[in-house]
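In: mind folding the following:
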Amino acid sequence: MNNTNTPKYGASGYRYLRPLAEEIILKKLERVSTARNSISPFFRENYRTKHLEFVIPFKALTSMEKHVLREAGYPERLVRGDENAGLAKAFVIDVRAVEATSPELAEAILSAYRRM
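Out: Residues are numbered from 1 along each chain as shown. Presented below is the predicted three-dimensional model:
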């Protein structure tokens with residue numbers, strides 16, 4: 001039975017950009033912050049779905065990286081950054097959704113989360 005609440009990344013957009021998008025995500029995993037802010041990537045648990053999400057704020061990306069992630073089909077959302085920043089635009093990557101298309105990337109995200 002398919003879970004319709006879980007987005008499938010890479011379903012729309014350019015498939016050949018998926019490996020480059022995964023490399024960008026892996027590089028951003030090296031810069032993950034333990035504090036939630038609007039200038040560096042961080043982890044959060046979605047309170048509705050209880051899924052782990054990797055959040056990459058737009059301020060942490062170059063314009064080329066934003067374009068690649070957008071065209072590869074990763075979703076953009078408004079998220080709460082730190083208390084003073086309010087809402088910030090970011091790419092929110094649900095680990096369960098990534099697991100369906102790229103198990104290696106999902107495992108890398110989970111291992112980075114466990115190291116924190």
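In: helix/strand/coil for the residue nearest to the spatial centre of the chain?
Out: Centroid-nearest residue in the chain: I93, 2.8 Å away (criterion: Cα atoms, centre = their mean). Following DSSP: H, G, I helix; E, B strand; the rest coil, we place I93 in the strand state.
In: run through the residues that contact it.
Out: Y9, I25, E53, F54, V55, I56, Y74, I109 (Cβ atoms under 8 Å, 6 or more residues apart in numbering). Where you see a C-beta, it was placed from the backbone N, CA and C, and this is true even at glycine.
In: what's the answer for R31, then?
Out: With contact set as Cβ under 8 Å, 6+ apart, R31 has these partners: S40, P41, A60.
In: 7 Å instead?
Out: Contacts for R31 (Cβ atoms under 7 Å, 6 or more residues apart in numbering) come out as S40, P41.
In: surely it forms part of a strand?
Out: No: going by three-state DSSP, the assignment for R31 is coil, not a strand.
In: what bridges to I56?
Out: Here I56 shows beta-bridge partners F91, assigned using DSSP bridges.
In: tell me the pLDDT of it.
Out: As predicted, I56 sits at a pLDDT of 95.
In: OK, contacts around it?
Out: Residues near I56 by Cβ under 7 Å, 6+ apart: K28, P41, A90, F91.
In: make JSON lines from the residues you listed and add pLDDT to it.
Out: What follows is the contacts of I56, written out as JSON lines (pLDDT from 0 to 100):
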{"residue": "K28", "pLDDT": "95"}
{"residue": "P41", "pLDDT": "94"}
{"residue": "A90", "pLDDT": "93"}
{"residue": "F91", "pLDDT": "95"}
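In: just flag the most distant two among the residues you listed.
Out: With Cβ to Cβ as the measure, no two of the contacts of I56 lie farther apart than K28 and A90, at 11.0 Å.
In: so where's the protein uncertain?
Out: Residues of the chain meeting the criterion pLDDT under 70: 1-14, 82-85.
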